[in-house]
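Engineer: predicted model, plus sequence, below.
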Amino acid sequence: MSSRHHIEDFMRGRIIGKIEEGRKITDVAREFDIAHSVVSRLWKSFKTTGMCSRRHGEVVLEQVANQFLAASGKQISRKTVARRLRGGGLYARRPVVCVPLTRQHRTARLEWCREHPNWTEQDWACVLFSDESRFSLSSDCRRQLIWRESGTAYRQENIQEKDRYPTCSIMVWAGIMINCRTHLHVVVNGTMTGQRYIDEVLLPHVRLFRGAVGDKFVFMDDNATCHRTLAVQDCLDSEGIQRLVWPARSPDLNPIENVWDALGRQVAGRNYPPTNKNTLIRALTEEWDKLPQQLLDNVVQSMVRRVEYCITLHGVYPVLILFFKVPVDF
């Protein structure tokens with residue numbers, strides 16, 4: 001396939017994304033310098049097939065048509081399949097992605113939440129929620145979609161388990177609290193190790209927040225190997241930093257996951273998306289600083305409900321990774 005087709009498919013994904021965010025077709029057409037009728041047809045096609053790339057839409061609908069032919073001996077068109085699926089309340093959407101959970105993971109998550117049911121928003125406001133995340137240059141507009149009913153995104157049958165990331169990516173670290181955030185730190189030239197975690201994260205970033213907040217300060221990080229070395233624990237103890245025990249494989253409980261999602265959307269929606277590693281780093285840094293503090297505050301305040309949901313669901317994943325979306329104009 002030519003690079004021209006690659007660009008066209010990527011643009012389709014961006015256009016659909018803008019409209020899904022609530023933008024008017026007229027405004028989107030003007031932004032991308034495309035005729036209103038073209039954008040309107042693309043949006044109608046997406047609502048019909050659930051695809052912004054026609055090839056994938058045809059594949060999904062053709063599979064259903066072939067299954068119907070095998071079961072009944074009757075041939076139906078792809079348009080008929082799409083029409084019947086919509087009539088039954090099914091729409092093509094990207095599946096929620098989560099990491100696999102064992103029985104032990106679910107038990108540990110439930111026990112952890114039962115230890116924090118009385119924490120108030122004021123208690124969670126003293127926690128610095130942190131995490132590393134990977135961002136890639138590759139677009140997800142070609143991702144295979146699934147047909148499902150509205151409001152069923154987080155049912156187990158509509159979730160894809162995944163714990164690997166694209167190889168062409170960069171890692172960043174950051175932390176969020178009520179009314180503040182850390183700088184976005186880019187992990188360059190290799191992976192994060194325990195000593196790098198101390199030198200690049202704990203001492204230059206976390207220690208400053210401990211000094212500003214005082215004795216009530218609590219630091220949250222996950223159970224990554226580099227976070228749990230003896231050297232890291234010794235560093236935390238020497239700096240008087242209290243660490244929040246965290247259940248394994250629980251990114252859905254960490255509000256910064258919502259922020260990573262917002263950051264990725266902002267980078268993908270730039271007028272000139274990054275095309276190489278350096279421009280990706282610059283785009284991530286710029287968009288991180290632009291994220292509204294209101295967004296960060298609201299996702300931290302949602303911790304009370306995250307804990308409640310996890311208890312209600314008996315530790316089952318997910319407690320809505322995209323749990324709390326705030327209508328904020330970026």
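Structural biologist: Sure, I can see it. Numbers count the residues shown, from 1 in each chain.
Engineer: contacts and neighbour counts: CA atoms only from here.
Structural biologist: Noted.
Engineer: residue 172: what secondary structure?
Structural biologist: What DSSP: H, G, I helix; E, B strand; the rest coil gives for residue 172 is strand.
Engineer: please read the previous query as pertaining to residue 316.
Structural biologist: Criterion first, three-state DSSP; result for residue 316: coil.
Engineer: ok, now which ones touch it?
Structural biologist: Residue 316 makes contact with 106, 310, according to C-alpha atoms under 8 Å, 6 or more residues apart in numbering.
Engineer: what of residue 205?
Structural biologist: 182-183.
Engineer: can you give me the helices in this protein?
Structural biologist: Using DSSP state H, the helices of the chain run over 3-20, 25-32, 36-49, 54-72, 78-87, 103-114, 121-124, 194-197, 207-213, 230-238, 256-268, 277-290, 293-301, 303-312.
Engineer: worst mean pLDDT among those?
Structural biologist: Ranked by mean pLDDT, the helices of the chain end with helix 3-20 at the bottom, a mean of 59.
Engineer: let's have the helices of the chain in a markdown table, adding mean neighbour count.
Structural biologist: Compiled in a markdown table, these are given as follows (neighbours: other C-alpha atoms under 10 Å):
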| stretch | mean neighbour count |
| --- | --- |
| helix 3-20 | 15 |
| helix 25-32 | 15 |
| helix 36-49 | 17 |
| helix 54-72 | 15 |
| helix 78-87 | 17 |
| helix 103-114 | 17 |
| helix 121-124 | 14 |
| helix 194-197 | 16 |
| helix 207-213 | 15 |
| helix 230-238 | 14 |
| helix 256-268 | 19 |
| helix 277-290 | 16 |
| helix 293-301 | 19 |
| helix 303-312 | 19 |
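Engineer: got CSV for these, with distance to residue 184 too?
Structural biologist: Below are the helices of the chain laid out as CSV (distance: least, C-alpha to C-alpha, whole Å):
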stretch, distance to residue 184
helix 3-20, 25
helix 25-32, 29
helix 36-49, 35
helix 54-72, 36
helix 78-87, 42
helix 103-114, 28
helix 121-124, 21
helix 194-197, 14
helix 207-213, 15
helix 230-238, 20
helix 256-268, 11
helix 277-290, 6
helix 293-301, 14
helix 303-312, 22
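Engineer: what's the separation between residue 41 and residue 308?
Structural biologist: 43 Å (C-alpha to C-alpha, to the nearest Å).
Engineer: for residue 152, which of the helices of the chain is the nearest?
Structural biologist: helix 78-87 (14.7 Å; C-alpha to C-alpha).
Engineer: what helices and strands are in contact with the closest one?
Structural biologist: If you count contacts as 3 or more C-alpha pairs under 8 Å, 6 or more residues apart in numbering; DSSP states H and E, helix 78-87 packs onto helix 36-49, helix 54-72.
Engineer: swap the cut-off to 7 Å and go again
Structural biologist: Applying 3 or more C-alpha pairs under 7 Å, 6 or more residues apart in numbering; DSSP states H and E, we find helix 78-87 packed against helix 54-72.
Engineer: what separates the spatially closest residue to residue 268 that is not a sequence neighbour from residue 272, distance-wise?
Structural biologist: Of all residues not flanking residue 268 in the chain, residue 14 sits nearest, at 7.5 Å (C-alpha to C-alpha, 6 or more residues apart in numbering). Counting by C-alpha to C-alpha, the gap from residue 14 to residue 272 is 11 Å.
Engineer: quick one: end-to-end distance for stretch 190-200.
Structural biologist: Termini of stretch 190-200 sit 13 Å apart (C-alpha to C-alpha).
Engineer: for stretch 246-263, same thing?
Structural biologist: Terminal residues of stretch 246-263 are spaced 24 Å apart (C-alpha to C-alpha).
Engineer: what do you get for stretch 200-217?
Structural biologist: Using C-alpha to C-alpha, the end-to-end distance of stretch 200-217 comes to 20 Å.
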